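Engineer: missing the sequence, but the structure's below:
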């Protein structure tokens, strides 16, 4: 089976939802790195951040990404901050195409504002924090094999765009 398809991008861009659709359409297993960590730790990402801190979470994330990247022919969905560690990107790129999903800060805000499971957005100015984090990570997200805008699109529509773009490469 060909390379892995790796979905990166900021929280709320549709990585997990789009990954599930791609998995069904391509009959490929989906590895959601955040869910993998939650299962192993038997607690939520939010609880890990609150109890152990972001650095501890990033160590768990690095280990999970290395394991996910060792598979062949899977869809891998990462957390929004996975791109912060160059080793994560090297591992994912070694056997995968990096597909970054993007959206405007306003779209991301609309998608995540009602969830309590976003530890990095516990700020008075959530929209401002989204913009700040997006700007800080922009070059990392831009360093992808392909980029797909998700504003105003369903996960099925985004999956269709990805499949159309990758025709012949799968």
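Structural biologist: Ah, there it is. Since we're looking at a predicted model, the values are computed, not measured.

Engineer: pLDDT wise, what is residue 111 at?
Structural biologist: Listed pLDDT for residue 111 reads 89.

Engineer: for the protein, what are the low-confidence residue spans?
Structural biologist: 1-2, 116-124, 168-170 (pLDDT under 70).

Engineer: What segments of it are strands?
Structural biologist: Applying DSSP state E to the chain gives strands spanning 4-9, 30-32, 75-77, 96-102, 146-149.

Engineer: right, so of those strands, which gets closest to residue 63?
Structural biologist: Among these, the nearest to residue 63 by CB to CB is strand 30-32 (13.2 Å). (C-beta placed from N, C-alpha, C; glycine too.)

Engineer: So residue 113 versus residue 99, what's the distance?
Structural biologist: 25 Å (CB to CB, to the nearest Å).

Engineer: Tell me which of those two has more neighbours.
Structural biologist: residue 99 (26 against 13; other CB atoms under 10 Å).

Engineer: Might you report the residue contacts of the more buried one?
Structural biologist: Residues in contact with residue 99, defined by CB atoms under 8 Å, 6 or more residues apart in numbering, are 5, 6, 7, 8, 144, 145, 146, 147, 148, 162.

Engineer: From these, list just the buried residues.
Structural biologist: Buried members of those, counted by 16 or more other CB atoms under 10 Å: 5, 6, 7, 8, 144, 145, 147, 148, 162.

Engineer: Please tell me I have it right and the second one contacts residue 90.
Structural biologist: No. Applying CB atoms under 8 Å as the test, residue 6 and residue 90 come out as separate, 11.9 Å apart.

Engineer: Quick one: closest of the strands of the chain to residue 17.
Structural biologist: That would be strand 75-77 among the strands of the chain, by CB to CB, at 9.0 Å.

Engineer: Pull up the pairing partners for that closest one, direction included.
Structural biologist: Paired strands of strand 75-77, with direction, are strand 4-9 (parallel), strand 30-32 (parallel) (DSSP bridges).

Engineer: Name the residues that touch stretch 7-14?
Structural biologist: Residues contacting stretch 7-14 (CB under 8 Å, 6+ apart): 15, 18-19, 22, 75-80, 82-83, 92, 98-103, 107-109, 111-112, 118, 120-121, 130, 133-134, 137, 141, 144, 150, 153, 155, 158.
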